[in-house]
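S.K.: Just the structure for this:
(one chain, ligands or ions: 1)
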Amino acid sequence: MGDRIVERHHQILIVGGGTAGITVAARLRQQVPSLDVAIVEPSTKHYYQPLWTLVGGGIYKPEDSEREEADLIPPGTTWIKDAVSTFDPDTSQVTTKNGDVITYDWLIVAAGIQINWDKVKGLRDAVGHDAVCSNYDIKTVPSTWRSIQEFRGGTAIFTQPTGPVKCGGGPQKIMYLAEEAFERSGVRKQSRLIFATGTPRIFAVEPYASSLEKVVARKGIETLFKHNLIEIRADRKEAVFRKVDSEDEVVLHYDMIHVTPPMGPPDFIAQSPLADAEGWVNVDKFSLRHLRYSNVFGIGDASSLPTSKTGAAIRKQAPVLVENLFRCMNDQVPSASYDGYTSCPVVTGYNSLIMAEFDYDKNPAETFPFDQSQERFSMFFLKKAGLPSLYWHGMLKGRV
Ligand SMILES: Cc1cc2nc3c(=O)[nH]c(=O)nc-3n(C[C@H](O)[C@H](O)[C@H](O)COP(=O)(O)OP(=O)(O)OC[C@H]3O[C@@H](n4cnc5c(N)ncnc54)[C@H](O)[C@@H]3O)c2cc1C
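M.R.: Here you go, the predicted structure:
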């Protein structure tokens, strides 16, 4: 850092160039090309993370989910290749890891969710090898398909922590793919599959929950609800769970374990004046405007929006945020409203998927004119072939 302090100003500053940051920047520049928009993003690569379920299931290669960040920054937008370390919303400025100070007229925080590997003892060292795998990082996702292929029978455990995760149905999707892969490779008969989750039910929303209960029963998968993974003992191949209600500990042997790690708000947000009591960017759930700082907006996984954290949700949040930002820039009151829409395409096999779509009230908010709580090949095909294209060419270009 030394004595290098650079000061710069941007009309609109976006923190994070992931799904939400790029989508919002594209929409802003498309609607008003003269806007001065800058994105602070440290990573040179951008990932379409929903593909990692299918990478873990051996359908795609990890590199299929990856693009150069430079190719996605909308034309005319400034990319600041750095990370924000502190916010000072009272003076409308941020400080970066390099020590630069950036001031802004308007701030949009889109820095995603933080993976807390260290909240499970032994996990950070164990994950990625010796039958401990996880779809939740580009570095560990190849270990999922490897573990599935190397599994020769015994106990396969799939975990979900208590608390919010990216795409609430994600932890069980990979289990259904693994189950079918075990059938195909002939090891299913000598194997036991366990879904051990901190949550009280297989899915939070009806009618999808009832359908998924039938899927689990049909596939002969055992469920352990309100069981939160707290430790991996890799040397003994043991997973330690704490019961949510009683605090009792349960130790299970595994021959393969897929871990969905605990997640939470990024530390640099949680420690800032922008955070709510839990650490998320404290925004109004309808307008996406910050509840205390009127020139700040929040979007996506880092925000306090009380809905399932997905890219699909961001597709509906982005136009609301952009419209409300333009209104605020013109001294008008925000009037566009986000209804909590989110979507979780729950892959139930190599040819089937339940397309859950719902809003803040947990009411189905479905796109298609058929019962989406049923498993369908058409919805699997949409996830595999349609949605990646919609993401790269539609959403990130500000078109859908
Ligand atoms: C296995 C898996 C399956 C999923 N399945 C689905 C699905 O089927 N459907 C669906 O819609 N969604 C799915 N998701 C969720 C979806 O990928 C996320 O909800 C979405 O990417 C969140 O977007 P975001 O912009 O909020 O965060 P991200 O896309 O994660 O972007 C955050 C960005 O902020 C940057 N950043 C972090 N810290 C800083 C800092 N200090 N300063 C500046 N920048 C910073 C990061 O580098 C990153 O680029 C899945 C995710 C996973 C992992």
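S.K.: use CA for all of it now, contacts and neighbours both
M.R.: Will do.
S.K.: mind listing what residue 208 touches?
M.R.: Applying CA atoms under 8 Å, 6 or more residues apart in numbering, we find residue 208 in contact with 354, 356, 373.
S.K.: Narrow these to those in strands?
M.R.: 354, 356 (DSSP state E).
S.K.: Please pick the buried ones from the contacts of residue 208.
M.R.: 354, 356, 373 (16 or more other CA atoms under 10 Å).
S.K.: so how far is residue 311 from the residue most central in space within the chain?
M.R.: When CA atoms, centre = their mean is applied to the chain, the residue found nearest the centroid is residue 166 (2.9 Å). Remark: distance between residue 166 and residue 311 (CA to CA, to the nearest Å) = 9 Å.
S.K.: re earlier: Serialize the buried ones among the contacts of residue 208 to TSV and add fields for distance to the ligand and pLDDT.
M.R.: Below are the buried ones among the contacts of residue 208 laid out as TSV (distance: CA to the nearest ligand atom, whole Å; pLDDT from 0 to 100):
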residue	distance to the ligand	pLDDT
354	11	98
356	10	98
373	15	97
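S.K.: which of those residues lies closest to residue 200?
M.R.: Ranked by distance to residue 200 (CA to CA), these are led by residue 356 at 18.4 Å.
S.K.: is it true that the closest one touches residue 371?
M.R.: No - assessed by CA atoms under 8 Å, residue 356 is found out of contact with residue 371, at 10.1 Å.
S.K.: Now tabulate the buried ones among the contacts of residue 208 in TSV and tack on distance to residue 213.
M.R.: Output for the buried ones among the contacts of residue 208, formatted as TSV (distance: CA to CA, whole Å):
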residue	distance to residue 213
354	12
356	14
373	12
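S.K.: ok, the residue nearest to residue 345 when sequence neighbours are not counted - how many residues close by?
M.R.: In this structure, residue 345 finds its nearest non-sequential neighbour in residue 355, 4.4 Å apart by CA to CA, 6 or more residues apart in numbering. The tally of other residues near residue 355 (other CA atoms under 10 Å) stands at 25.
S.K.: Residue 355 and residue 201, how far apart?
M.R.: 18 Å.
S.K.: picking up where we left off before, check contacts around the residue nearest to residue 345.
M.R.: By CA under 8 Å, 6+ apart, the contact set of residue 355 is 343-346, 372-373, 375, 379.
S.K.: Secondary structure for these - can I get that in TSV?
M.R.: Listed next are these as TSV, based on DSSP: H, G, I helix; E, B strand; the rest coil:
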residue	secondary structure
343	strand
344	strand
345	strand
346	strand
372	coil
373	coil
375	coil
379	helix
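S.K.: Who wins on neighbours among those?
M.R.: Using other CA under 10 Å as the neighbour test, the contacts of residue 355 are led by residue 346, with 28 neighbours.
S.K.: Remind me what the lengthiest helix in the chain packs against, helices and strands.
M.R.: The single longest helix within the chain, with elements called by DSSP state H, is helix 311-329. If contacts are counted by 3 or more CA pairs under 8 Å, 6 or more residues apart in numbering; DSSP states H and E, helix 311-329 sits against helix 19-31, strand 342-349.
S.K.: Pass me the low-pLDDT residue ranges in the stretch 1-150 of the chain, would you?
M.R.: By pLDDT under 70, the weakly predicted segments of the stretch 1-150 of the chain are 1-5.
S.K.: Next, the contact list for the closest residue to residue 344 other than its chain neighbours, please.
M.R.: Leaving aside its sequence neighbours, residue 344 sits nearest to residue 356 (CA to CA, 6+ apart; 5.1 Å). Residues in contact with residue 356 (CA under 8 Å, 6+ apart) are 208, 343-346, 364, 366, 372-373.
S.K.: and the end-to-end length of stretch 128-144?
M.R.: Using CA to CA, first and last residues of stretch 128-144 are 8 Å apart.
S.K.: ok, and for that stretch, which residues are buried?
M.R.: For stretch 128-144, burial by neighbour count (16+ other CA under 10 Å) applies to 128-136, 138, 140-144.
S.K.: No further questions, thank you.
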